[in-house]
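Colleague: After the sequence you'll find the predicted model.
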Amino acid sequence: MYDTIIIGAGLSGLAAGIRLAYYERPVCIVEKHTTIGGLNSFYRLRKRDHDVGLHAVTNYAKPGTKTGPLSKLLRQLRLRWEDFDLTPQCGSSVAFPGVTLRFTNEFAFFEQQVAEMFPSQIDGFRRLVAQIQQHDELNLANRETSAREIVSREITDPLLVDMIFCPLMFYGSPTAHDMDFTQFVIMFKAIFLEGFARPHEGVRLIMRKVVQQYRKFGGELRLRSGVKRILSNGGKVTGVELESGEVLEAKHVVSSAGSAETMRMCDVPPPDQQPYQPGAVSFVETIFSLDVMPSDLGHHETIIFYNDNERFVYDAPTEPIDLRSGIICSPNNFQYETPLDEGRVRITALANPDYWMNLPQDEYVAEKDAWTNRIVESALRFMPDFRSHVIDTDAFTPRTITKFTSHFNGAVYGAPHKIRTGTTHLENLFLCGTDQGFLGIIGSMLSGITIANLHLLKPTSSI
């Protein structure tokens with residue numbers, strides 16, 4: 001009998017596991033796949049290491065900072081700043097037709113950019129920032145509110161509104177066209193007020209450190225252990241049945257699999273399925289290995305969020321891929337003391353989940369190759385042509401995301417409705433991760449910490 005079984009060995013599940021194991025709770029993480037990481041995993045292909053979800057770690061803070069999300073999670077997980085080895089970005093931008101807003105990890109620079117490019121809007125922008133700073137995004141009782149309505153009260157230029165929303169939505173919105181204001185605040189702080197960084201080794205360093213910490217405190221990790229059913233009796237969870245048929249008993253179950261995905265596993269479904277509807281926003285990601293560094297071609301920016309349309313449209317496209325907008329990321333363009341061994345460019349675009357999920361296998365590879373070429377052509381509006389330097393290519397689609405994360409529709413950011421308290425229709429079944437509401441690498445770990453502290457540790461969970 002375990003105190004807690006955690007479904008999923010992603011960062012949120014591992015963070016929850018560390019908290020419980022530290023306080024000597026018998027805890028077991030069960031993972032369907034042969035490796036850890038979930039949405040922030042990594043893989044090796046043709047002798048090259050690739051990150052899956054990581055463009056950058058958001059919520060950056062300088063080593064020794066006493067406040068903020070990164071400082072909090074390091075304290076909670078008993079980790080050191082050097083364990084994550086974070087190196088800040090060189091600089092990023094939001095590029096729209098005729099206007100580019102650049103930003104670094106120093107917010108004053110971004111504020112100056114807004115003032116120069118949109119002088120009539122700067123007072124409203126500053127009022128919005130003040131409102132963002134006053135909003136308590138960690139308050140689990142916050143009600144869902146339209147971010148566009150709130151932002152548009154202060155900023156009247158629709159171009160600036162779109163340019164602010166573009167990176168925030170690309171990096172954290174499960175909702176088409178709009179965001180919940182609390183989610184907006186989380187992402188604004190993470191990207192603009194705190195900023196980007198990356199470990200030299202990529203996400204595998206972070207994953208290695210958290211797994212080592214989990215095992216150091218006595219936590220059990222079982223791979224190739226997918227959950228078939230969450231078992232309950234009288235409104236309380238009793239354990240899980242694995243796909244192998246093995247039954248594991250537990251006093252509590254925490255699932256990082258997603259809200260809709262978790263409800264499908266329950267032997268007693270919730271009386272109302274409406275709060276657990278899966279998301280529909282997904283992406284295609286292309287990865288290019290180069291025989292030069294991007295900077296050798298004149299590309300120095302860490303991340304470019306681009307849009308080449310009159311308005312920024314964030315929704316599942318009717319075409320296989322929306323070529324009007326996207327993200328260009330170069331893992332090389334961080335302030336490393338030692339350069340990476342090889343040049344790398346990653347380009348991401350919104351995708352139509354139904355199209356990619358339902359393609360016949362014999363057409364899938366050819367379509368993926370064809371659309372990879374079209375994605376590159378669209379991105380070349382915003383960066384130098386690197387195609388003659390490509391020595392290896394890979395791409396993944398909503399189909400790939402669903403296969404390796406089990407998220408319906410390949411919805412990277414999960415369900416539109418977030419369950420901030422993590423509670424469900426079963427007394428001792430809790431949600432953490434994407435559908436609890438904290439997103440990104442730092443956010444997902446804070447989600448696991450929050451749920452462990454709130455529901456499973458209470459008296460012992462002080463920071």
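Modeller: Done, it's in.
Colleague: For residue 46, give its distance to residue 202.
Modeller: Relative to residue 202, residue 46 is positioned 17 Å away (CB to CB, to the nearest Å). The way it works is simple: take the backbone N, C-alpha and C, and place the C-beta from them, glycine included.
Colleague: Number of residues surrounding the residue lying closest to residue 311 once chain neighbours are set aside?
Modeller: Nearest residue to residue 311, sequence neighbours excluded (CB to CB, 6 or more residues apart in numbering): residue 162, at 6.1 Å. When neighbours are counted by other CB atoms under 10 Å, residue 162 registers 21.
Colleague: Pull out the buried positions in the worst-scoring helix or strand of the chain on mean pLDDT.
Modeller: Least confident element among the helices and strands of the chain, by mean pLDDT, DSSP states H and E: strand 42-45 (a mean of 73). By 16 or more other CB atoms under 10 Å, the buried positions in strand 42-45 come out as residue 42.
Colleague: outside of that strand, which residues touch it?
Modeller: With CB atoms under 8 Å, 6 or more residues apart in numbering as the test, strand 42-45 has contacts from 35, 49, 50, 51, 52, 202, 203, 204, 207, 394.
Colleague: The fourth one and residue 351: what is the separation?
Modeller: Separation of residue 51 from residue 351 (CB to CB) stands at 19 Å.
Colleague: Between those two, point out the one with more neighbours.
Modeller: residue 351 (27 against 23).
Colleague: Report the secondary structure state of the nearest residue to residue 148 once chain neighbours are set aside.
Modeller: Excluding its sequence neighbours, the residue lying closest to residue 148 (CB to CB, 6+ apart) is residue 178, at 4.9 Å. Following DSSP: H, G, I helix; E, B strand; the rest coil, the label given to residue 178 is coil.
Colleague: The one 4 residues further on too?
Modeller: When classified by three-state DSSP, residue 182 comes out as helix.
Colleague: picking up where we left off before, for the residue nearest to residue 311, pull up the helix or strand it's in.
Modeller: helix 158-170 (DSSP states H and E).
Colleague: Can you list the helices and strands that that helix packs against?
Modeller: Judged by 3 or more CB pairs under 8 Å, 6 or more residues apart in numbering; DSSP states H and E, helix 158-170 is in contact with strand 92-96, strand 99-103, helix 147-154, helix 181-188, strand 303-307.
Colleague: tell me the mean pLDDT for the first one?
Modeller: Read that as strand 92-96. Mean pLDDT, computed over strand 92-96, is 98.
Colleague: partner strands of it, parallel or antiparallel?
Modeller: In the sheet, strand 92-96 lines up against strand 99-103 (antiparallel), strand 303-307 (parallel) (DSSP bridges).
Colleague: Out of those strands, which one sits most buried?
Modeller: strand 303-307 (a mean of 24; mean count of other CB atoms under 10 Å).
Colleague: What lies in contact with that one?
Modeller: By CB under 8 Å, 6+ apart, the list of residues contacting strand 303-307 reads 55-56, 89, 92-97, 162, 166-167, 170, 196, 324-330, 379, 381-383.
Colleague: Let me have the contacts of strand 42-45 in CSV, extended by secondary structure.
Modeller: Shown next, in CSV, are the contacts of strand 42-45 (three-state DSSP):
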residue, secondary structure
35, coil
49, strand
50, strand
51, strand
52, coil
202, coil
203, helix
204, helix
207, helix
394, strand
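Colleague: Buried among these? Make that a ChimeraX selection.
Modeller: Per 16+ other CB under 10 Å, the buried members of those correspond to this ChimeraX selection:
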select :50,51,52,202,203,204,207,394
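Colleague: Can I get the contacts of strand 42-45 in a markdown table including distance to residue 401 and pLDDT?
Modeller: Formatted as a markdown table, those follow (distance: CB to CB, whole Å; pLDDT from 0 to 100):
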| residue | distance to residue 401 | pLDDT |
| --- | --- | --- |
| 35 | 15 | 84 |
| 49 | 19 | 76 |
| 50 | 14 | 74 |
| 51 | 14 | 77 |
| 52 | 9 | 75 |
| 202 | 18 | 89 |
| 203 | 16 | 88 |
| 204 | 19 | 89 |
| 207 | 18 | 91 |
| 394 | 14 | 93 |
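Colleague: of all the contacts of strand 42-45, which two lie farthest apart?
Modeller: Pairwise distances across the contacts of strand 42-45 peak at 19.4 Å for 207 and 394 (criterion: CB to CB).
Colleague: which residues does the closest residue to residue 69 other than its chain neighbours contact?
Modeller: Nearest non-adjacent residue to residue 69, counting by CB to CB, 6+ apart: residue 59, 4.5 Å away. When contacts are counted by CB under 8 Å, 6+ apart, residue 59 touches 68, 69, 70, 189, 190, 194, 440, 442, 443.
Colleague: Flag every buried residue along stretch 364-382.
Modeller: 367, 368, 371, 372, 375, 376, 378, 379, 382.
Colleague: from what I can see residue 80 touches residue 74, true?
Modeller: Yes: the pair residue 80 / residue 74 is scored as a contact, 7.0 Å apart, by CB atoms under 8 Å.
Colleague: show me the contacts for residue 190.
Modeller: 58, 59, 69, 171, 172, 440, 442, 443.
Colleague: Apply 10 Å and report the result again.
Modeller: 57-60, 69, 137, 167-168, 171-172, 196, 438-443 (CB atoms under 10 Å, 6 or more residues apart in numbering).
Colleague: Then residue 226?
Modeller: 7, 30, 31, 32, 33, 240, 242, 243, 244, 257, 265, 406.
Colleague: Let's have the buried residues of stretch 364-382 in CSV, adding pLDDT, distance to residue 310 and secondary structure.
Modeller: Output for these, formatted as CSV (pLDDT from 0 to 100; distance: CB to CB, whole Å; DSSP: H, G, I helix; E, B strand; the rest coil):
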residue, pLDDT, distance to residue 310, secondary structure
367, 96, 28, helix
368, 95, 29, helix
371, 97, 23, helix
372, 97, 26, helix
375, 97, 21, helix
376, 97, 23, helix
378, 96, 16, helix
379, 97, 19, helix
382, 97, 17, coil
